[in-house]
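Visitor: Structure of the sequence below:
(one chain, ligands or ions: 3)
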Amino acid sequence: MAELRKDPVSGNWCVVGYTILKSTSVGICPFCPGNENLTPPTIKDIKNEDGTWAVRCFPASNPIFIIEAGEGKRAEGIYDKMGNVGAHEIVVENPVHSKTMSSFTENDYSLLIELYKDRIADLKKDKRFKYILIFKNHGELAGSYIFHPHSHVLATPIIPQRIELELYHSMIHYQKKERCLFCDIVSQEMRQNKRIVSVNNNFIAFCPFASRFPFEVWIMPRSHSAHFEKLSGEDVKTEFISIMSGIMKRIERLTNAYSIVIHTSPNVLTFQGHSDDLLIDDYFHWHIEILPRYLRSSKYKREDEFYVVPTTPEESAGMLRSERV
Ligand SMILES: [Zn+2]
Ligand SMILES: [Zn+2]
Ligand SMILES: [Zn+2]
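Guide: Ligands and ions are numbered 1, 2, ... in the order given. Now for the predicted structure:
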């Protein structure tokens, strides 16, 4: 039984005891049209004019977070733990098995964005979920072993640590300067013009000042906006698609493995360390992080948000103890 445990030293929550299942249908892609019976039933799809699906979302068959997970927060001595309550959905981004983001058409992107917006808005209705995280891993180096273009939607009972850090630092900046940190970053990048990859009226794509990976790129709206799921207006959407698809064409020329993560506002009005006289909507600013992967990382390691560990520390200790030395 998987559960969430908090590391009292770093404050980070980890999912422990999650069993990674090996795919049983070797050689058959469960995400290709015609194989829908190999996945759980559709939650939401958007159809083409001929009635076939263009994008499709369904519950993960081996979810990291589950709706029915029992108990809430509880203690074990000084330690905190809780059930892995939440949701884990898979979005198949395109019916074509071999397409990658660099070859998506404007319409492909448009439908995918609509599906993402729908899932975020829908899952945010459940107040048990503090955060809705959308990410994709592409390529084996990024930990993805199904080639068919797909992404993950996680609804989590905690705010992932990387997001909490971003919330905290943007809140401190706002307290001091009464300005959004991300808006300030956008202005400085525009002014310095040293790290910009591309820019249009509404969006900027740049390599962040303290990049964690070579060719790391962040895409941000140039004017203040806290919620990705509120991305609207045909012109704005067209500009977003144009900058995103341009970046993905460049990224895929340089690397064949990357992760993409959407950082939108959390599903709560406060977080640990939040100052009551401020609003998250005022100081948080949505963005997309594109993280090329060069080193082998384990399949379920999400180092930026939280760790998912198949073996519990108790099992690990037992296994280590039983090794003869
Ligand atoms: Zn496929
Ligand atoms: Zn802003
Ligand atoms: Zn971020």
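Visitor: So the closest residue to ligand 1 within the stretch 151-300 of the chain versus Cys57, what's the distance?
Guide: Closest to ligand 1 within the stretch 151-300 of the chain is Ser151: 14.2 Å, counting by Cβ to the ion. (Each C-beta comes from the backbone N, C-alpha and C, glycine too.) Distance, Ser151 to Cys57, by Cβ to Cβ, to the nearest Å: 9 Å.
Visitor: Give the residues shared as contacts by the two.
Guide: Ile90, Val91 (Cβ atoms under 8 Å, 6 or more residues apart in numbering).
Visitor: Correct me if wrong, but the residue of the stretch 151-300 of the chain closest to ligand 1 is in a helix.
Guide: No: with DSSP: H, G, I helix; E, B strand; the rest coil as the criterion, Ser151 is located in strand rather than a helix.
Visitor: so what's it bridging to?
Guide: Taking DSSP bridges as the rule, Ser151 bridges to Val91.
Visitor: Could you tell me which residues of the stretch 1-150 of the chain lie near ligand 1?
Guide: Residues of the stretch 1-150 of the chain lying close to ligand 1 by Cβ under 5 Å from the ion are Cys29, Phe31, Cys32, His97, His148.
Visitor: check those against ligand 2, which are close?
Guide: With the criterion set as Cβ under 5 Å from the ion, no member of these is near ligand 2.
Visitor: okay, these in a markdown table with neighbour count and distance to Ile159 next?
Guide: Formatted as a markdown table, these follow (neighbours: other Cβ atoms under 10 Å; distance: Cβ to Cβ, whole Å):
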| residue | neighbour count | distance to Ile159 |
| --- | --- | --- |
| Cys29 | 16 | 34 |
| Phe31 | 22 | 30 |
| Cys32 | 14 | 35 |
| His97 | 14 | 35 |
| His148 | 18 | 30 |
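Visitor: So which of those residues is the closest to Arg195?
Guide: His148 (33.2 Å; Cβ to Cβ).
Visitor: Nearest spatial neighbour of Asp126, chain-adjacent residues omitted?
Guide: Leaving aside its sequence neighbours, Asp126 sits nearest to Ala155 (Cβ to Cβ, 6 or more residues apart in numbering; 6.9 Å).
Visitor: Oh, that last question was meant for Leu21, not what I typed.
Guide: Nearest one to Leu21, counting by Cβ to Cβ, 6+ apart, is Asn62 at 4.7 Å.
Visitor: Could I get the contacting residues of that neighbour?
Guide: Thr19, Ile20, Leu21.
Visitor: which bits of the chain sit near ligand 2?
Guide: Cys180, Phe182, Cys183, His224, His285.
Visitor: so of those, which ones are in helices?
Guide: With helices taken from DSSP state H, the overlap with the residues of the chain next to ligand 2 comprises Phe182, Cys183.
Visitor: of the residues of the chain next to ligand 2, buried ones?
Guide: Cys180, Phe182, Cys183, His224, His285 (16 or more other Cβ atoms under 10 Å).
Visitor: Need those in TSV (columns: pLDDT).
Guide: Formatted as TSV, these follow (pLDDT from 0 to 100):
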residue	pLDDT
Cys180	98
Phe182	98
Cys183	98
His224	98
His285	98
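Visitor: what's the most distant pair in those?
Guide: Of all pairs in these, the most separated under Cβ to Cβ is Phe182 and His224 at 7.8 Å.
Visitor: what residues are shared contacts of those two?
Guide: What both Phe182 and His224 touch, as defined by Cβ under 8 Å, 6+ apart, is the set His285.
Visitor: Just list the residues touching the residue of the stretch 101-250 of the chain found nearest ligand 1, thanks.
Guide: Here the stretch 101-250 of the chain gets closest to ligand 1 at one residue, His148, 3.3 Å apart by Cβ to the ion. His148 is in contact with Cys29, Phe31, Cys32, Val92, His97, counting by Cβ under 8 Å, 6+ apart.
Visitor: what do you get for Asp184?
Guide: Counting by Cβ under 8 Å, 6+ apart, Asp184 has contacts His173, Lys177.
Visitor: where does it sit relative to Lys177, distance-wise?
Guide: Asp184 is 7 Å from Lys177, by Cβ to Cβ.
Visitor: from memory Leu115 sits against Thr42, does it?
Guide: No: between Leu115 and Thr42 there is no contact under Cβ atoms under 8 Å: 11.2 Å.
Visitor: which of these two has more neighbours?
Guide: Between Leu115 and Thr42, counted using other Cβ atoms under 10 Å, the more crowded position is Leu115 (24 against 13).
Visitor: For the closest residue to the more buried one other than its chain neighbours, pull up the helix or strand it's in.
Guide: Sequence neighbours aside, Val55 is the residue nearest to Leu115 in space, at 4.7 Å (criterion: Cβ to Cβ, 6+ apart). Element membership for Val55, per DSSP states H and E: strand 53-59.
Visitor: Would you mind pulling the contact partners of the following helix or strand past that strand?
Guide: The helix or strand immediately downstream of strand 53-59 is strand 74-76, counting by DSSP H and E. Residues from elsewhere that reach strand 74-76, judged by Cβ under 8 Å, 6+ apart: Asp80, Lys81, Met82.
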